[in-house]
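# Could you look at this predicted model? Sequence included:
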Amino acid sequence: MKISIITVSYNSESTIETTFKSVAIQKYKNVEYILIDGGSQDNTLSIAKKYNHIITKIVSEKDNGLYDAMNKGIKLATGDVIGIINSDDLFCDQNALEKVIDVFNKNQNLDSVYADLFYVSQFNINKIVRRWVTGNQKPFKNGWHPAHPTFYIKKSVYDKFGLFDLSFKLAADFEIMLRFLDKHKISAIYLQEPLVKMRLGGETNKSFKNIYNQNVECIRAFKKNDLKVNKFLYPFFRLIPKFFQFKG
């Protein structure tokens with residue numbers, strides 16, 4: 001079974017080599033690795049050249065943001081399963097992809113796999129700040145959703161139900177998971193261990209304004225997918241799982 005891994009970058013020289021290294025050491029080797037770069041002006045592409053032995057396809061051109069770039073990668077992907085690892089994230093260990101594929105191999109009709117995630121210091125990737133314990137699947141309206149960097153999906157699901165909705169600027173990852181899992185009821189298995197380390201300081205966590213706007217987009221995602229949600233209580237429900245995130 002082939003897995004396509006997509007990394008989206010733009011002026012990512014300070015972090016992306018760690019991402020490349022974490023892909024390079026994976027024991028599972030049937031990997032198509034796609035880099036979608038937004039026309040970086042720093043040394044991102046120079047660093048990428050050092051990893052030509054693992055990067056299958058490189059596209060560097062102006063895009064319409066993070067999710068547009070992800071869509072480009074998905075369209076290029078030829079693997080049976082697709083995963084996305086951001087340019088400032090990395091796999092927890094060399095067995096991450098092997099663990100994902102093992103779940104798919106044992107469940108031939110499975111649509112998706114999701115797992116836990118470590119938040120790490122942006123200055124020290126070995127310093128775990130907290131752990132996102134996703135837990136068993138629940139309705140999204142209750143505040144549950146997987147950590148998107150741990151969400152691995154069959155390509156056939158994208159082909160059937162579509163790509164990232166670019167009308168969402170902060171929460172297109174939330175919307176696509178909601179659409180796949182809650183609306184279309186794709187099958188999913190929870191892999192109960194961390195797969196990815198995420199540096200703190202993502203786009204949607206930079207300010208209270210962004211957090212507010214993300215909540216607004218999440219509520220719009222329910223409406224767009226004809227799913228019910230209490231728009232007044234939902235922002236509080238989203239906070240509840242964070243109380244169960246603990247330091248490593």
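Sure, I can see it. Residues are numbered from 1 along each chain as shown.

# Residue 212 falls within a helix, correct?
Yes: Residue 212: assigned to a helix according to DSSP: H, G, I helix; E, B strand; the rest coil.

# do you know how far it is from residue 183?
25 Å (CB to CB, to the nearest Å). Every C-beta, even on glycine, is put in place using the N, C-alpha and C of the backbone.

# So these two - more neighbours on which side?
residue 183 (16 against 11; other CB atoms under 10 Å).

# can you pull the contacts of the residue nearest the centre of the chain?
Among the residues of the chain, the one closest to the centroid is residue 149, at 2.5 Å (CA atoms, centre = their mean). The contact partners of residue 149, by CB atoms under 8 Å, 6 or more residues apart in numbering, come to 84-86, 89, 117, 195-196, 198.

# Let's see that with 10 Å instead.
By CB atoms under 10 Å, 6 or more residues apart in numbering, residue 149 lies in contact with 83-86, 89-91, 114-115, 117, 132, 173, 195-198, 202.

# show me the biggest strand of the protein in terms of residues.
Longest strand of the chain, by residue count under DSSP state E: strand 188-199.

# Which other helices and strands does that strand contact?
helix 16-24, strand 81-84, strand 89-91, helix 96-106, strand 112-120, strand 128-132, strand 152-154 (3 or more CB pairs under 10 Å, 6 or more residues apart in numbering; DSSP states H and E).

# Out of these, flag the one nearest residue 55.
helix 16-24 (7.6 Å; CB to CB).

# Buried residues, the closest one. List them.
16-17, 19-20, 22-23 (16 or more other CB atoms under 10 Å).
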